[in-house]
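Q: Next one to model:
(2 chains)
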Amino acid sequence: MGITQAFRAAAVIVATAVAVTACGGGDDANQVGTDTSSSGDQEQPSGKVTFWSYPIGDANTDQYWTPVVARFNEQYPDIDVEVIVQPWDGREEQLNTSLAGGLAPDVAYFNPDFIPKFVEQGVLESVSDVIADDVDDFREPAVAAMSYNDELYGVPLLMSVSSVICFQNVLDEAGVDCPTTWDEALEIAPIVKDAGYYATQYSGTTSLNHSFYPFLLQAGGEVLNSEGQAAFNGPEGVAALSFLKEMAENDYLPQQSLTTQEDFEQTPAGRSEVAFLVDGFVATVSRFVDPENIVVSPPLSGAQPANFGTVGGLSIFNTSDNIDAAKLWVKFLTSPEEMESFNRDAHFSAARASITGIFDDPLMIEQEKYLDTVWSGVVHPQAREIIDLLKPHLQAALLGRTSPQDALDAAAAEVDGMLSRG
Amino acid sequence: MAIAARNRAGAPAPVRRRWWRSDKAVIAYVFILPYVILFLTFKIAPAIFGVGLSFTNWRPVGGADFIGFDNFTRLFSDPIFWGALRVTLVYAIIAIPMSITVSLFMALLCDRTLRGMGIYRSIFFLPVVTSSVIAGIIWVWIFGQQGPLNWLTGLVGVGPLGWLQSEILVLPALSMVSAWSNFGYNMLILLAGMLAIPRDYYEAAELDGANWFKRFRHVTIPLLKPALFFVLILEIIKSFQVFDTIYVMTGGGPFRSSYTLTYMIYDQGFGYFDFGYASAVGVVLLVITLAVSLVQRWLFDKEKKK
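A: This next block holds a predicted model:
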């Protein structure tokens, strides 16, 4: 049975159409951040603001955001806010591809490590003016973390803080106290080991922001000097790595964690088999360890105390067609009332010093005392590259393959080479 | 020869029918057209785009400039690249034979009539459909200092071994995970090849006094070569592209002992968004994979012609 040429042609066209339709995904309704409607008069900005949030605590559903947007619209009825809760996975890729495709949101939740990268790409709007009226209410480390080149590019919204966390069962069995200095840590380590536990735990595979860098800061060192060159191989860095190496060589900390990626519950700390964690988060530890067994202590001190913490804030892309409206949305979300409401649901500390008493948990209240000394990471567009270059050398030293000085010098050479390339 | 010559001279040359005049061909092309378009759009075009990117400094924001071979010049002077290349090759050398040996052994075990064999085969296939991330987490526990593997070695007075802490043991350990993950799929291919071998050959060999090993060596292996070749190609590609288990288990450590080329592509592309440089690494990986596959193909063809 034959078919006509017309039928053949139609079949080819239909098949092509099916394939092309399958390839096509979006329609105009799905496009965000491209609203080109007039922004209206200066006093009542209008238009659409798209906000990319992420699953932060319980603030990750439409049920949470709908009333927030309604409260905002009571003040600004002409601004149409669309909140899209994106997944954490592939966050940076999503932001980059959305920028490349001209579909970036107007406002996005940012952490400090994003700020220098996106500023260097020339896509972030300064938000210094958003908090100009009450900048003093924001905690200084939070403002510093979201700033780059003396300009604020993200209004701080939330913070978390780490400090020394001790495990009461191990302290009791070993008959030692929770350490507050390196000397005390080294003093109790052999006693804890004799009692059948590890003194502490150090992850050699996670970000150095909450593994090696706090020790470097405690020693009084810095990652990069004022000229932007590697400075971690100075005497302070060697002291920090030597301290860790001594702990590792004497089995005061588990060897496995030096090279293997483990979930917290898989680690000795997750099983309450260490005396203390140097940079422990109550929120994380108390999910797996009986809170009654947790003791929150001040940040550990070498030459000086230092502790890691996270900061989250709201940034505005300068690709936005509604920057004024976007700033109003950011100002609204970071107002004292909304910030408190958000953090209560998100289970984080507020970035405003005036907001206290969010938590009932005495452990969280105790750890919040150290918010003002939080350090959030290296403010540099290539911070991640620096970490990735330094980390293997730290592992080599901790596993006894090289000396701390040689390891740090080798890493510094690589980092300087990378930084000079730009 | 004479007949052939006469035919060429005397008979009219066969008229070659154009494909669009054949209903069957048109229908066939219509059916495969959507797939061809999708394949070209999502596989071939990105691959060509990737090769093109390797000659640029493209980043998602900021456009791209053509920079010639700068990425490759930088790559070949980058010690991390040479380290990653070495790790990739060593991993392939360990993982491929291990995976094929395990697959062949399991296929031999399954190539028999036994009650419930279907269930066994299904169970053996389970690792293939298990999430590599979940598998990685479980294997971290298995390789742990107090894990079951060290318990086993402890029974014979060895260890505990730092499977993932030692730069010598980490690649064999990761190869074991790869063999465990892949053997189910390979086993099915090899088993299909074994079941296609006529039983008569084995019976004849048995009558000639061949023992089990000789039958395996002189009957199974030669007739299984096409299936083995296919599995080998698959394993080569998988070994060169290994990433997820390493990402989950060691993060490329200890001190880059398991840092492969694919891991480098990930870091450069999705960690640092230097897609030009990442693409250059990808092009090198493509060339290596292609070259090894072609050599393998050539050797196989040569063997077949003997």
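Q: In the stretch 51-200 of chain B, which residue sits nearest chain A?
A: Closest residue of the stretch 51-200 of chain B to chain A, C-beta to the nearest C-beta: residue B:60 (3.8 Å). Where you see a C-beta, it was placed from the backbone N, CA and C, and this is true even at glycine.
Q: Now do the same contact list for that residue.
A: Residue B:60 makes contacts with A:96, A:97, A:99, A:100, B:273, B:275, as judged by C-beta atoms under 8 Å, 6 or more residues apart in numbering or on different chains.
Q: okay, now the fourth one: neighbour count?
A: Okay, so that is residue A:100. Residues lying near residue A:100 (other C-beta atoms under 10 Å in any protein chain shown) number 15.
Q: buried sites along the helix or strand in which residue B:138 is found?
A: Assessed by DSSP states H and E, residue B:138 sits inside helix B:132-142. By 16 or more other C-beta atoms under 10 Å in any protein chain shown, the buried positions in helix B:132-142 come out as B:132, B:135, B:136, B:137, B:139, B:140, B:142.
Q: now, which of those residues lie close to chain A?
A: Applying C-beta under 8 Å from any C-beta of the partner chain to the buried residues of helix B:132-142, one finds that B:137, B:140 fall near chain A.
Q: Name the nearest of the buried residues of helix B:132-142 relative to residue B:248.
A: Proximity of the buried residues of helix B:132-142 to residue B:248 was ranked by C-beta to C-beta; the top entry is residue B:136 with 3.3 Å.
Q: That closest one against residue B:249, yeah?
A: Yes: counting by C-beta atoms under 8 Å, residue B:249 is a contact partner of residue B:136 at 4.8 Å.
Q: Quick check: residues of the stretch 201-306 of chain B near chain A?
A: B:248-256, B:259, B:267, B:270-273.
Q: Tell me the buried residues within these.
A: B:248-256, B:259, B:267, B:271-273.
Q: so after the stretch of helix or strand residue A:169 belongs to, what's the next helix or strand?
A: Using DSSP H and E, residue A:169 sits in helix A:168-174. Using DSSP H and E, the helix or strand that follows helix A:168-174 towards the C-terminus is helix A:182-194.
Q: Is any residue of the next helix or strand after that following helix near chain B?
A: Proceeding N to C from helix A:182-194, the next assigned helix or strand is helix A:212-218, under DSSP H and E. No: figure legend: helix A:212-218 not in contact with chain B (C-beta under 8 Å from any C-beta); closest approach 13.8 Å.
Q: Centre of the chain to helix A:212-218, how far?
A: 17 Å (C-alpha atoms, centre = their mean, to the nearest Å).
Q: which parts of the helix or strand following it are buried?
A: Using DSSP H and E, the helix or strand that directly follows helix A:212-218 along the chain is helix A:235-249. Within helix A:235-249, the residues scored as buried using 16+ other C-beta under 10 Å are A:236, A:237, A:238, A:239, A:240, A:241, A:243, A:244, A:245, A:247, A:248.
Q: ok, the fifth one touching residue A:219?
A: Spelled out, that is residue A:240. Yes: Residue A:240 is in contact with residue A:219 according to C-beta under 8 Å; the separation is 4.3 Å.
Q: Verify the contact between residue B:162 and residue B:168 for me.
A: No: using C-beta under 8 Å, residue B:162 makes no contact with residue B:168, being 9.6 Å away.
Q: The two: which has the busier surroundings?
A: Using other C-beta under 10 Å as the criterion, residue B:162 and residue B:168 rank with residue B:162 on top: 23 against 10.
Q: Return the residues of the stretch 201-350 of chain A in contact with chain B.
A: Counting by C-beta under 8 Å from any C-beta, the stretch 201-350 of chain A sits next to chain B at A:204, A:205, A:254, A:255, A:256, A:258, A:259, A:260, A:261, A:262, A:263, A:266.
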